[in-house]
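Visitor: Just the structure for this:
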Amino acid sequence: MNVESARRKQALRLFGEEGQNPAGVEDALVSPLKMNFVNQAVHLYSGEFTLEDGVEIFRLNGQVTLKWYPELKIEWVGTITGLGIPAEKAENLLQESVFRTYNMMTPAGFRGEAFINRFNMERAELAGSVRGAFSQPLRPADRVHFSVVNFYGTAGEPIRHLNLIYRGRMRVRHGAYRLTFDQVHNYDETYRSLDELGGYGVTHAGLIERTDRQPADPQTINELIDALNWVLSFNAGRSVGICSIQGSDSKGGVFKQYRVPAIDSWRNQANWCPGVENDPEDKLGRLVESVMEKFTIPHWQQTLPRLLHWYLSSKSSGFTENRLVSVHAALVKLAWKVLVEEEKVLSAQEFERFPVDMQIRRLLQFCAIPVSIPRHTIRTGGYADGPQLIAAYYKETIHANRRNLQSLGDRDKEAILQLGIQYLELALLHLLGYTGQYNNLLAGGERPGRLEQVPWMKRPERLKGES
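Guide: Numbers count the residues shown, from 1 in each chain. Below you'll find the predicted structure:
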């Protein structure tokens, strides 16, 4: 059974487990982004819109669609119904349209930055794409629904869809805000299709609301969405996306936003996250809350996305050397943020005097993360510990000088990389106050991976045994 299939087993239908109709089970949330099958293009808008560049240039009637292949993007196509400039000038603009961007606007208030990719003046047709988002402005809302693409299977509280009862809900609190996160009811079919076809599918639906019945403010909505996107991607070990956000109040619709975040095509991949079935105290839910808290701090709001980018780069399928560079950059950056700026364990001058391996070592020691090299996975000698080995491999990668590590095979290079990835994962988990289990992919045995308590929670026990 692959990784995602194993996680997916967490979501159990409750018929026969807790009775035919358990009392108090709430309805599952419905995704605002409608997909009947994976990789299905999603219709976003039909009707009039304009393309403007300081002044109105083109008036069109057409459609806007979210497409997944051959690349994830928002496309539009329309028939010209009017021109705000002379036809000859408009045709000249189209000839150079590859170099131009236009403000796309609809009567309903949707906005986007549009490109014209092709045109046919004889048929009066234009087509192109929208960069980033096709959206109405965020406004205060009583309830904010959102859709998540390509997260793994989750369990949690029982929820209901028609006659189906299944486990799939997580609840998170952030100050006056409550976030509800549900696995979609057709998760079996969705995950089977993703396993078979790859690509993209809506796997979860979410809801943001305030517990004091006040409207959610736009800035906090954005912060919570960014934080959730961060922690879902970190938990999955690949980019997970929130593509659709819809706010409403008691009078009906308020705003809709369709975004094109970076999302990795579906793939099965083991990583640190133990899965909800191994999290009876909801430590993962508390991790989400911790990330949300960090995103309210300006310097972490800037740094955490960069660290996630490096982390996901290290988990990609690129060259081992390039992935090691990403790990190295993230560890050094995190060491500076934690030891110098956050905890003030070291001054800036002290930190900069240290060689890189010592900077990483001090970070790991502060987090109570073991620095020893797991000998059963890496067959190289002459290095005192993991930080020294990683720094040496990085230096020789950058300077193309492999005199000390030239005998390493691909397996050993990958093992060094995985050691660095685990250091980074654990250091981030420590930063975020996580106290649950993690999947130790460096553990020996026939199958990679073993559930263990994070090392800083084992530390008092170990010290007691050593005294």
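
Visitor: Every contact and neighbour count from this point should use C-alpha atoms.
Guide: Fine.

Visitor: Where does pLDDT dip in the stretch 251-400 of the chain?
Guide: 276-281, 375-381, 399-400 (pLDDT under 70).

Visitor: can you pull out the strands in it?
Guide: 252-259 (DSSP state E, counting those that start in this stretch).

Visitor: Helices of that one, start to end?
Guide: 283-294, 298-314, 320-335, 348-353, 356-366, 386-398 (DSSP state H, counting those that start in this stretch).

Visitor: quick one, which of those helices is nearest to Thr65?
Guide: With C-alpha to C-alpha, the closest approach to Thr65 among those belongs to helix 298-314: 27.6 Å.

Visitor: nearest residue to Ser265 other than its sequence neighbours?
Guide: Leaving aside its sequence neighbours, Ser265 sits nearest to Gly199 (C-alpha to C-alpha, 6 or more residues apart in numbering; 4.6 Å).

Visitor: quick one: that neighbour from Gln349, how far?
Guide: Using C-alpha to C-alpha, to the nearest Å, one gets 48 Å for the distance from Gly199 to Gln349.

Visitor: between the two, who's got more neighbours?
Guide: Gly199 (21 against 9; other C-alpha atoms under 10 Å).

Visitor: Correct me if wrong, but that one is in a helix.
Guide: No: assessed by DSSP: H, G, I helix; E, B strand; the rest coil, Gly199 does not belong to a helix; its assignment is coil.

Visitor: dump the residue contacts of it.
Guide: Applying C-alpha atoms under 8 Å, 6 or more residues apart in numbering to Gly199 gives the contacts 38-39, 68, 265-266.

Visitor: do you know how far it is from Pro70?
Guide: For Gly199, the distance to Pro70 equals 10 Å [C-alpha to C-alpha].

Visitor: try Tyr394
Guide: To Pro70, Tyr394 is 35 Å away according to C-alpha to C-alpha.

Visitor: Looking at these two, which is more packed in?
Guide: Set Tyr394 next to Pro70 and count neighbours by other C-alpha under 10 Å: Tyr394 wins out with 21 against 6.

Visitor: Can you tell me the centre-most residue of this protein?
Guide: Using C-alpha atoms, centre = their mean, the residue of the chain that lies closest to the mean C-alpha position is Ser233, 2.8 Å off.

Visitor: does that one count as helix, strand or coil?
Guide: helix.

Visitor: who touches it in this structure?
Guide: Ser233 neighbours (C-alpha under 8 Å, 6+ apart): 151, 239-241.

Visitor: wait, which of these is closest to Leu324?
Guide: Looking across the contacts of Ser233 and measuring by C-alpha to C-alpha, the closest to Leu324 is Ser239, at 18.5 Å.

Visitor: Surely the closest one touches Val260?
Guide: No: counting by C-alpha atoms under 8 Å, Ser239 sits too far from Val260 to count as a contact (12.0 Å).

Visitor: Which one's more surrounded, these two?
Guide: With neighbours defined as other C-alpha under 10 Å, Ser239 and Val260 compare such that Ser239 has more, 25 against 20.

Visitor: The more buried one falls within a strand, correct?
Guide: No: counting by three-state DSSP, Ser239 is not part of a strand but coil.

Visitor: Count the residues that sit near the closest residue to Glu293 other than its chain neighbours.
Guide: Counting by C-alpha to C-alpha, 6+ apart, the nearest residue to Glu293 once its immediate chain neighbours are dropped is His174, at 7.4 Å. Other residues near His174 number 15, with proximity taken as other C-alpha under 10 Å.

Visitor: give me the beta-bridge partners of His174?
Guide: Beta bridges link His174 to Tyr177 when assigned by DSSP bridges.

Visitor: Do I have it right that it meets Met292?
Guide: Yes: in this structure, His174 is within contact of Met292 by C-alpha under 8 Å, at 7.1 Å.

Visitor: Which helix in this protein has the most residues?
Guide: helix 410-431 (DSSP state H).

Visitor: Just give me how far that one sits from the chain centre.
Guide: Here the centre of helix 410-431 is set off from its chain's centre by 19 Å, with C-alpha atoms, centre = their mean, to the nearest Å.

Visitor: Kindly report the same for stretch 33-41.
Guide: Centre-to-centre, stretch 33-41 and its host chain are 19 Å apart (C-alpha atoms, centre = their mean).

Visitor: Restricting to C-alpha, output that stretch in CSV.
Guide: What follows is stretch 33-41, C-alpha atoms only, in CSV (Å, rounded to 0.1, in the frame of the first residue of the first chain):
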residue,chain,number,x,y,z
LEU,A,33,-14.8,24.9,-6.5
LYS,A,34,-16.9,22.3,-8.4
MET,A,35,-15.1,19.4,-10.0
ASN,A,36,-16.9,16.2,-11.0
PHE,A,37,-13.7,14.4,-11.7
VAL,A,38,-10.0,15.0,-11.3
ASN,A,39,-8.3,17.4,-13.8
GLN,A,40,-11.7,18.7,-14.9
ALA,A,41,-11.6,22.3,-16.2
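
Visitor: average pLDDT across it?
Guide: The average pLDDT for stretch 33-41 rounds to 95.

Visitor: Read off the pLDDT value for Gln93.
Guide: No, residue 93 isn't Gln; it's Leu. Reported pLDDT for Leu93: 75.

Visitor: ok, now how distant is it from Glu52?
Guide: Distance from Leu93 to Glu52, by C-alpha to C-alpha: 12 Å.

Visitor: which one of these two has more residues nearby?
Guide: Glu52 (18 against 14).

Visitor: Is the more buried one in a helix, a strand, or coil?
Guide: Recorded secondary structure, Glu52: strand (three-state DSSP).

Visitor: Test my guess that it contacts Asn103.
Guide: Yes: the criterion here is C-alpha under 8 Å, and Glu52 meets it with Asn103 at 5.0 Å.

Visitor: Now do the same contact list for Glu157.
Guide: Glu157 neighbours (C-alpha under 8 Å, 6+ apart): 167-170.

Visitor: between those, which has the most around it?
Guide: Ranked by the number of neighbours (other C-alpha under 10 Å), the contacts of Glu157 place Gly168 first, at 26 neighbours.

Visitor: does that one really touch Thr154, like I thought?
Guide: Yes: applying C-alpha under 8 Å, one finds Gly168 in contact with Thr154, separated by 5.8 Å.

Visitor: any idea how far the residue nearest to Glu293 is from Asp212?
Guide: 12 Å.

Visitor: Check Phe295 too.
Guide: Using C-alpha to C-alpha, Phe295 is found at 22 Å from Asp212.

Visitor: cool, and Arg362?
Guide: Note on Arg362: its distance to Asp212, by C-alpha to C-alpha, is 44 Å.

Visitor: More neighbours: which of those two?
Guide: Taking other C-alpha under 10 Å, Arg362 and Asp212 do not tie; Arg362 has more neighbours (20 against 9).

Visitor: who wins for proximity to Ser193 among the helices of the stretch 251-400 of the chain?
Guide: Ser193 lies closest, by C-alpha to C-alpha, to one member of the helices of the stretch 251-400 of the chain: helix 298-314, at 24.0 Å.
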